[in-house]
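> One predicted model, sequence on top.
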Amino acid sequence: MLATDSHPTLLAPQHPAGLTDPRALLRDLFDTAVAAVSASHCLPPQLPTPPKGRTVVIGAGKAAAAMAQAVEAHWQGEISGLVVTRYGHGAPCNRIEVVEAAHPVPDEAGQRAAQRMVALVEGLTADDLVLCLISGGGSALLAAPAEGITLADKQAVNKALLKSGANIGEMNCVRKHLSALKGGRLALRCAPARVETLLISDIPGDDPTLIASGPTLPDATTCADALAVIAKYGIEVPANVRAHLESGAGETPKPGDARFDGHRSVTLATAQQSLEAAAARARELGFEAHILSDSIEGESRDVALVHAAIARQVAQHGQPFRKPCVILSGGETTVTVRGSGRGGRNAEFLLALAVALDGLPGVHAIACDTDGIDGSEDNAGALLAPDTLTRAAARGLSARAHLGNNDGYGFFAGLDDLIVTGPTRTNVNDFRAILIV
């Protein structure tokens with residue numbers, strides 16, 4: 001018997017008419033969240049006025065192609081340019097070229113695209129406009145190593161950062177100081193043209209200077225900060241990379257630099273917007289909805305423990321929320337890789353949540369990356385139900401063993417509980433919803 005039955009002051013929960021299939025409900029909330037932050041929805045109202053001269057579009061990120069498509073559909077006047085997105089995230093455009101490259105580890109295609117982008121903005125005038133479309137993933141896709149740094153150096157550092165457990169702000173701090181374009185340097189290449197940057201945020205807290213490592217915005221971090229991140233996580237870097245940072249050669253332009261005067265940046269879509277849309281949808285279906293935070297960071301398995309504790313308190317004691325309800329959260333968790341399994345941070349979160357809840361009745365959950373790709377896998381995330389562990393045991397799957405091997409993908413694939421959407425062409429990071437009935 002659940003603990004709520006022993007509290008006569010609590011009214012018996014009413015099951016909303018919207019609850020027919022918990023899995024379908026949770027998927028509905030995720031789809032609603034993604035639609036709310038799509039480029040076609042949020043970009044057109046923020047387009048600037050066309051300039052006297054030319055308009056050149058450049059950009060990078062998982063949403064870059066969809067953003068370019070939205071610009072083409074609504075721009076009044078001539079336009080041309082090039083954007084780079086992840087393999088498989090392209091979209092058909094007529095006037096803006098779309099190039100695909102590798103993410104999360106950069107490749108030569110991204111490096112060539114960055115070189116071509118710089119060539120496109122050379123020789124512009126003060127009457128011209130550079131419209132820069134930036135979204136999460138742009139750090140890897142806009143691959144332009146600083147002088148003395150090779151693409152192989154960047155690849156090695158990126159791989160080490162991804163495995164280290166460093167958060168996105170720390171990773172981007174290092175990336176900025178090894179780049180020829182990040183940390184505001186791309187905007188300087190556009191001078192004397194005016195630069196307007198439209199952003200879709202994948203950063204907890206939505207600091208625009210961190211999105212795709214801020215290629216068009218001044219940077220407050222330093223080479224010393226980058227070295228501190230490397231030391232904190234014990235990351236081995238090539239000798240020339242360390243020398244580059246120690247010499248200060250990688251320093252970025254700072255806030256207050258007059259070369260950024262007259263430029264503008266607008267954040268179009270955030271995790272908070274996606275969560276608010278999902279909350280509104282849940283309420284439409286008859287559920288109370290509560291947003292815990294749009295910017296949760298930390299190890300996925302640790303974040304799962306906190307969510308499990310809250311869900312248990314709601315299920316057993318009606319605190320701090322009455323059931324039936326939906327608990328929502330966003331942000332970007334991390335995984336310190338110790339095993340050899342497959343799985344991104346959302347699968348890891350759900351696997352740790354399953355272990356912590358231990359089949360608690362009435363608790364269902366979804367965790368997905370809003371870009372449709374959980375880490376580097378082909379799934380967006382997965383679903384969790386009260387019978388997940390029971391079904392797993394029947395198939396010979398151990399949740400604890402899979403968690404120890406960082407193999408959330410393998411665990412949920414074995415249960416047919418992965419969510420595969422394909423690329424969504426937007427990106428505001430993690431989406432988590434826990435349904436408690």
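Nice, thanks for sending it over. Numbers count the residues shown, from 1 in each chain.

> For the stretch 301-437 of the chain, which segments count as helices?
For the stretch 301-437 of the chain, helices defined by DSSP state H, counting those that start in this stretch occupy the ranges 345-357, 388-394, 399-404, 408-413.

> Mean neighbour count, the ones you listed: which tops it?
Comparing the helices of the stretch 301-437 of the chain on average neighbours per residue, with mean count of other CB atoms under 10 Å, the densest one is helix 345-357 at a mean of 27. Using the backbone N, CA and C atoms, a C-beta is placed for each residue, glycine as well.

> measure stretch 416-428 end to end?
26 Å (CA to CA, to the nearest Å).

> can you pull the buried residues of that stretch?
Neighbour counts using 16 or more other CB atoms under 10 Å place Asp417, Leu418, Ile419, Thr421, Pro423, Thr424, Arg425, Thr426, Asn427, Val428 of stretch 416-428 among the buried residues.

> Just the pLDDT at the last one, thanks.
This means Val428. pLDDT for Val428: 96.

> separation between it and Ala36?
9 Å (CB to CB, to the nearest Å).

> what's the answer for the fourth one, then?
Thr421 sits 15 Å away from Ala36 when distances are taken as CB to CB.

> Likewise for Pro218?
Counting by CB to CB - Pro218 and Ala36 are separated by 30 Å.

> for Val363, same thing?
Taken as CB to CB, the span from Val363 to Ala36 is 25 Å.

> Just give me the residue closest to the centre of the chain.
Asn429 (2.9 Å; CA atoms, centre = their mean).

> what's the helix or strand for Arg281?
Element membership for Arg281 (DSSP states H and E) is helix 271-284.

> and the following helix or strand past that helix, what's its mean pLDDT?
Using DSSP H and E, the helix or strand that directly follows helix 271-284 along the chain is strand 288-296. Average pLDDT, strand 288-296: 97.

> what's the answer for stretch 319-333, then?
96.

> do the same with stretch 99-112
96.

> CA atoms only: put it into PDB for me.
The C-alpha trace of stretch 99-112 is given here as PDB (Å, rounded to 0.1, in the frame of the first residue of the first chain):
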ATOM      1  CA  VAL A  99      27.400  21.900 -45.500                       C
ATOM      2  CA  GLU A 100      27.400  18.900 -43.200                       C
ATOM      3  CA  ALA A 101      30.400  18.000 -40.900                       C
ATOM      4  CA  ALA A 102      31.200  16.000 -37.900                       C
ATOM      5  CA  HIS A 103      30.100  16.500 -34.300                       C
ATOM      6  CA  PRO A 104      31.100  16.200 -31.400                       C
ATOM      7  CA  VAL A 105      34.600  15.700 -32.700                       C
ATOM      8  CA  PRO A 106      35.500  18.100 -35.600                       C
ATOM      9  CA  ASP A 107      36.600  16.900 -39.000                       C
ATOM     10  CA  GLU A 108      38.100  18.200 -42.200                       C
ATOM     11  CA  ALA A 109      34.700  19.000 -43.700                       C
ATOM     12  CA  GLY A 110      34.000  21.400 -40.800                       C
ATOM     13  CA  GLN A 111      37.500  23.000 -41.200                       C
ATOM     14  CA  ARG A 112      36.900  23.600 -44.900                       C
END
